[in-house]
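Student: Sequence below, structure please.
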Amino acid sequence: MLHADGMTTRRALLGGIVAAAGALAVGAGATAKPRARNAGGLTPPGRSDLAITARKRAAWGANEAVRVKPDGSEQWPLRFSPVQGLVVHHSALPVEADRDATMRGIHDLHAVRRQWADIGYHLIIDPEGVVYEGRYSGRDPVPVFDAHPVQGRKPLVVTGGHVSGHNMGNIGICLLGDMTAVQPGAGARSSLVRTLAGLSLLCGVDPAGSFEYVNPDNGARVTKPVISRHRDWVGTACPGEAFAAQFDTVRAEVVRLVKGHRAR
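Tutor: Sure, this is the predicted structure:
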């Protein structure tokens with residue numbers, strides 16, 4: 001993983017410390033409705049079975065002080081670009097019994113020790129299947145994007161730091177744990193499939209297809225699967241040898257859900 005590379009700016013937001021107040025889930029074209037405290041939601045139109053509810057940064061204890069400068073602006077400026085693909089990772093690190101503590105450890109690794117000022121992934125999934133909000137995307141309650149995606153429009157994703165040279169437009173989803181020799185547990189795998197299916201519908205991308213990735217900053221192009229593994233982009237073992245070998249079955253399950261087979 002590397003920090004965010006260059007990108008075209010669609011929107012730059014100044015953010016203060018994230019409030020610990022409750023979040024809203026906003027359906028496309030719908031009026032905002034209250035949700036449970038400390039949860040942010042994304043719901044594909046007509047597919048409530050694929051709603052993505054993420055544990056907010058305030059809930060797992062992100063250290064927002066490292067994210068902002070004394071004047072309140074972002075150490076790592078928020079920049080948005082149209083979604084192009086979805087990239088899956090594993091953390092390759094031990095998972096503590098306290099999952100929030102594991103999240104804080106990854107945040108500290110990225111934001112403090114690597115001096116990125118924030119976590120590089122957009123969404124993180126723990127062994128039980130709980131989804132966590134990663135990279136800060138603004139003061140609104142919606143994770144990942146500048147606003148809840150609206151049907152018919154390509155959503156804008158905040159640039160993360162998870163796939164060197166190809167961060168713009170790529171959403172990074174990370175499984176907690178090391179999948180070098182083992183498969184994800186049932187909870188994590190099910191949550192990953194649903195999350196990828198929900199994002200595919202929200203972003204209007206074909207999970208079964210490939211696409212020509214275009215770096216908005218320098219115009220460099222490369223063809224990749226819409227739903228890819230970190231190793232498909234750069235020289236890395238991520239998301240783990242065992243899991244990587246079975247990844248096609250994950251993609252097939254995502255396709256099945258997107259085509260209308262409702263999640264149970």
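
Student: which ones are touching residue 185?
Tutor: Neighbouring residues of residue 185 by C-beta atoms under 8 Å, 6 or more residues apart in numbering: 127-128. (Glycine included, C-beta is placed from N, CA and C.)

Student: count of residues packed around residue 184?
Tutor: Residues lying near residue 184 (other C-beta atoms under 10 Å) number 24.

Student: Which residue is the nearest non-sequential neighbour of it?
Tutor: Among residues not flanking residue 184 along the chain, residue 175 sits closest, at 5.5 Å (C-beta to C-beta, 6 or more residues apart in numbering).

Student: Next one: that neighbour from residue 241, what distance?
Tutor: Plainly put, residue 175 is 14 Å away from residue 241 if you go by C-beta to C-beta, to the nearest Å.

Student: The two: who's more crowded?
Tutor: Taking neighbours as other C-beta under 10 Å, residue 175 and residue 241 compare with residue 175 leading, 25 against 12.

Student: got a list of what the more buried one touches?
Tutor: So residue 175 contacts 88-91, 124-125, 184, 188, 192, 239, 243 (C-beta under 8 Å, 6+ apart).

Student: and the host helix or strand of residue 107, what does it pack onto?
Tutor: Using DSSP states H and E, residue 107 sits in helix 99-107. Using 3 or more C-beta pairs under 8 Å, 6 or more residues apart in numbering; DSSP states H and E, the elements in contact with helix 99-107 are helix 57-60.

Student: And the helix it packs on, what does it pack against?
Tutor: Counting by 3+ C-beta pairs under 8 Å, 6+ apart, helix 57-60 packs on helix 99-107, strand 131-133.

Student: what residues does the longest one touch?
Tutor: Judged by C-beta under 8 Å, 6+ apart, the contacts made with helix 99-107 from elsewhere in the structure are 59-63, 91, 93-96, 118-119, 121, 124, 126-128, 130, 132, 176.
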